[in-house]
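# quick one: sequence and predicted model below, then my questions.
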Amino acid sequence: MNWFALKARRLSWPSFASCLLSALALLLVAGALPWLSRTDPAAAVLRARYAELEPTEQALASVRAQLGLDQGPLATSLHWWSGVLHGDLGNSWVSGAEIAPGAWRALSVSATLTAFATIIALAVAFALVLPAALRVLRNRPHSGSGPLGVALTALPEFLLASLLLVLVAVQLQWLPPYGWTGLDTAILPALALGIPAGGLLGRLLADAIASVAAERWAGIWHLAGAPAPAILSGVLRRAAAAVVDQLGLVFIGLLGGAVAVEQVFAVPGLGRYLLGAANAQDIPALQAGLLLMAGSALLIGMLTAAARRALRGGALPAGSLPAPPEARGNGRIQRWTAAITCTALLAILAFGLPRDPYTLAFQRLQAPGAGLPFGADSSGRDLLARVAHGTLGTVGPALAIVACAILIGLLLAAAGEISRGPAVIANATPPILAGVVIAALLGPSVGGAALAVLWVSWPPLATHAASLLDEARAMPHIRWLPLSGVPRGRIWVQHLLPAVLPALLRHGMLRLPGVALALAALGFLGLGAQPPTPEWGLLLAEGIGYVERAPWTAIAPATALVLTSVCAVALAGIPAPQRAGSPGTAAQQAPAAENSPVPVS
């Protein structure tokens with residue numbers, strides 16, 4: 001039996017059961033779409049199969065009887081599941097063809113693309129982590145990956161894909177612009193997916209390395225003359241245990257959520273397959289795609305959980321981790337970064353808000369100039385005004401979604417292993433598909449789009465919060481607090497939350513640009529904000545087609561997104577001043593400090 005099989009046997013049944021139940025719930029929702037939707041699926045099937053027929057009531061009733069819609073959702077779902085158990089995924093409602101070959105082919109394409117994107121993501125993460133690792137070898141403090149990791153994370157995937165398409169494929173003609181015929185067609189979409197994912201992983205891992213390297217055991221090892229490579233190995237192992245779940249979630253997200261990149265490069269992957277099935281209301285195809293995606297998510301979740309336990313040497317007993325270190329550094333770099341980016345954003349607001357974002361007062365795609373700093377869009381509207389007015393409509397809802405996601409993540413993380421199943425399955429749902437489901441229930445609206453983005457935004461934060469809580473509970477002073485008669489609520493408020501919230505807030509700020517872009521993508525598809533609303537993501541979507549002729553149409557909103565992300569993370573990374581009796585200070589005086597301050601092996 002191999003190593004992963006041995007570790008997988010040690011996984012908790014609550015985690016496995018929650019994954020299975022969450023996958024079934026997702027499939028049941030997909031199966032119920034014909035009855036939840038405000039549109040008649042029989043009409044869509046009639047248009048696709050029999051375009052020459054009039055949508056009369058008799059014709060629609062015949063289609064419903066043919067598809068089994070007249071039997072109700074329960075009978076239809078049971079019939080589909082009986083076929084799945086016999087290896088039959090059913091036939092398409094639209095084309096009538098067998099679903100299994102196309103679904104498996106789409107999964108294999110997405111899996112291959114995801115593997116290439118993961119290699120690129122790991123390479124980018126390695127480049128961001130290398131400075132932190134070198135500082136550990138030299139026993140010098142380090143604050144994290146810096147603004148570069150945030151900027152890479154803030155790059156919109158579909159904008160990066162469009163830029164690579166225009167520059168590399170069209171202008172330089174180095175690689176094919178679209179299709180899926182060989183390795184050369186996988187490079188550009190893998191870069192578009194892997195670079196932002198690598199920025200996120202590198203940022204998280206660099207922050208974890210900086211935090212672990214400042215723990216007391218690392219200083220003791222340095223003073224004892226331990227070899228620098230041995231210290232670095234212990235630091236990397238402890239840091240990797242905290243972010244290995246994020247690697248699994250990124251892998252799952254790439255597998256199921258690369259719809260925009262697959263659309264730009266015409267890659268026949270699982271994301272496009274699911275989006276096409278959802279738009280056509282081809283429920284059997286949608287269920288088959290979700291089944292494959294949920295199964296992949298379940299497998300990846302089990303492997304990452306096994307890797308996390310292996311890195312920690314099993315479950316963390318109370319008192320197995322050292323007390324958190326005192327804050328190091330004065331946050332000068334973070335303050336300067338926040339000041340510069342805030343000043344730039346305030347300048348955009350100050351000069352752009354007095355201008356009209358709707359008036360067609362300029363030439364189409366007019367270049368930037370003295371009176372038009374950001375240029376004009378394809379309709380002749382002032383881009384500076386539109387970017388400035390789009391701040392409240394983009395950043396406001398995105399901040400609210402991130403705050404709700406952090407709160408949900410903390411609540412579910414407190415529930416333990418049961419929360420991992422819903423997190424794995426929800427993270428595997430593409431935001432666009434979530435938007436389709438929410439729109440079917442509530443209708444197209446900004447609130448529905450926000451709910452759809454929240455649906456897929458909380459899982460990474462919940463998983464990260466669970467890892468942070470595991471480590472916080474394992475600190476020595478936490479073990480002694482209940483024995484001292486400290487109430488559980490006070491332990492949460494005064495000790496656990498202060499140990500978890502800073503890293504979770506930084507992670508949430510990294511998610512801010514992606515949340516804003518997901519909102520914009522849903523609006524562009526008619527499920528959220530509508531044109532001509534000056535919303536940053538919509539501006540990006542409108543400017544993509546003109547990147548080659550008028551790059552400023554995409555550069556302006558993309559710059560605003562990057563500035564917002566860097567500013568938010570810099571503000572979150574400023575260390576709070578230590579107070580006498582604060583949780584961090586008290587931890588240094590915990591009575592369990594005599595426990596061996598070494599990483600878990």
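Yes, it's here. Numbers count the residues shown, from 1 in each chain.

# pLDDT below threshold where in the stretch 451-600 of the chain?
The stretch 451-600 of the chain contains residues with pLDDT under 70 at 479, 483, 486, 513, 521, 523-526, 569, 572-600.

# all helices of the stretch 351-500 of the chain, in order?
383-413, 420-427, 431-442, 446-473, 476-483, 488-491, 497-524 (DSSP state H, counting those that start in this stretch).

# buried residues of stretch 96-105, list them for me.
The neighbour-count check on stretch 96-105 (16 or more other CB atoms under 10 Å) flags 99-100, 102-103 as buried. For the C-beta atoms, the positions are set from N, CA and C on the backbone; glycine is no exception.

# show me which of the residues you listed is closest to residue 365.
The closest of the buried residues of stretch 96-105 to residue 365 turns out to be residue 102 (CB to CB; 39.9 Å).

# I'd guessed that closest one sits against residue 276; true?
No - assessed by CB atoms under 8 Å, residue 102 is found out of contact with residue 276, at 10.2 Å.

# what touches both of these two?
residue 285 (CB atoms under 8 Å, 6 or more residues apart in numbering).

# now the helix or strand residue 244 falls within and helix 497-524, what's the angle there?
Assigned by DSSP states H and E, residue 244 falls within helix 228-257. Interaxial angle of helix 228-257 relative to helix 497-524 (axes from the mean of the first three to the mean of the last three CA atoms, to 10 degrees): 30 degrees.

# helices or strands up against the helix or strand just after helix 228-257?
Per DSSP H and E, the first helix or strand lying C-terminal to helix 228-257 is helix 259-264. In terms of contacts (3 or more CB pairs under 8 Å, 6 or more residues apart in numbering; DSSP states H and E), helix 259-264 is packed against helix 157-164, helix 183-213, helix 270-280.

# the last one: what's the following helix or strand?
Stepping forward along the backbone from helix 270-280, the first helix or strand reached (DSSP H and E) is helix 283-312.

# circling back to that earlier point, so how far is the helix holding residue 244 off the chain centroid?
15 Å (CA atoms, centre = their mean, to the nearest Å).

# any buried residues in that helix, and which?
231-232, 234-257.

# next one: stretch 59-68
Buried residues in stretch 59-68, counted by 16+ other CB under 10 Å: 60, 63-64, 67.

# which outside residues touch that stretch?
Contacts to stretch 59-68, defined as CB under 8 Å, 6+ apart, come from residues 40-43, 45-46, 49-50, 53, 69-70, 75-76, 79, 93.

# now do the longest helix belonging to the chain: distance to the chain's middle.
Determined from DSSP state H, the single longest helix within the chain is helix 100-137. In terms of CA atoms, centre = their mean, the centre of helix 100-137 is found 14 Å from the chain centre.

# so which elements touch it?
helix 147-154, helix 183-213, helix 228-257, helix 270-280, helix 283-312.

# out of the ones you listed, which gets the lowest mean score?
Among these, helix 147-154 carries the lowest mean pLDDT, a mean of 66.

# so residue 472 touches residue 466, yeah?
No - with contact defined as CB under 8 Å, residue 472 does not count as touching residue 466 (10.7 Å).

# more crowded one of the two?
Taking residue 472 and residue 466 together and counting by other CB atoms under 10 Å, residue 466 has the greater number of neighbours (23 against 19).

# how about that one: what's its closest non-neighbour residue?
Counting by CB to CB, 6 or more residues apart in numbering, residue 413 is the residue found nearest to residue 466 once chain neighbours are left out, at 4.0 Å.
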